[in-house]
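**Q** Provide a 3D model corresponding to the input given below.
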Amino acid sequence: MNASTLMWGVIFGSIGLGFFVYGKKQNAIIPLLSGIGLMAFPYFITNLYILILSGIILIALPYFIKL
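**A** Residues are numbered from 1 along each chain as shown. Prediction:
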């Protein structure tokens, strides 16, 4: 793990915490699950480009999927 992977993990984890809190307060399942995913996936992905791509996809999910 290098510094850039760690930095992106912290950024995506912070955004994930925001999604998690929003989803919990609004009882919205997609932002809640997206937030959990954003907080958890940096621990499992070591490739920087896949990490960034996965983070962008998880951030965009609540915008495109409305339940």
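**Q** Spit out the contact partners of the spatially most central residue of the chain.
**A** By C-alpha atoms, centre = their mean, the chain has its centre lying nearest to residue 38, at 2.0 Å. Applying C-beta atoms under 8 Å, 6 or more residues apart in numbering to residue 38 gives the contacts 12, 13, 15, 16, 19, 55, 58, 59. Backbone N, C-alpha and C define where each C-beta goes, glycine included.
**Q** Tell me the most packed of those residues, by neighbour count.
**A** Counting neighbours by other C-beta atoms under 10 Å, residue 19 leads the contacts of residue 38 with 25 neighbours.
**Q** quick one: contacts for that residue?
**A** Per C-beta under 8 Å, 6+ apart, neighbours of residue 19: 31, 32, 34, 35, 38, 59, 62.
**Q** host element of it?
**A** For residue 19, the host element (DSSP states H and E) is helix 3-26.
**Q** quick one: buried residues of that helix?
**A** 5, 8, 9, 12, 13, 15, 16, 19, 20, 23 (16 or more other C-beta atoms under 10 Å).
**Q** Excluding chain neighbours, what is closest to residue 29?
**A** In space, and not counting its chain neighbours, residue 29 is closest to residue 67: 6.0 Å by C-beta to C-beta, 6 or more residues apart in numbering.
**Q** tell me the SS of the residue lying closest to residue 24 once chain neighbours are set aside?
**A** In this structure, residue 24 finds its nearest non-sequential neighbour in residue 32, 6.0 Å apart by C-beta to C-beta, 6+ apart. Put simply, residue 32 is helix when judged by DSSP: H, G, I helix; E, B strand; the rest coil.
**Q** my guess is residue 32 contacts residue 20, does it?
**A** Yes: between residue 32 and residue 20 there is a contact at 6.1 Å, judged by C-beta atoms under 8 Å.
**Q** Can you pull out the low-pLDDT segments for this protein?
**A** Where the chain drops to pLDDT under 70, the residues are 1.
**Q** and the gap between residue 7 and residue 33?
**A** 24 Å (C-beta to C-beta, to the nearest Å).
**Q** Same question for residue 9.
**A** Between residue 9 and residue 33 the computed distance is 19 Å (C-beta to C-beta).
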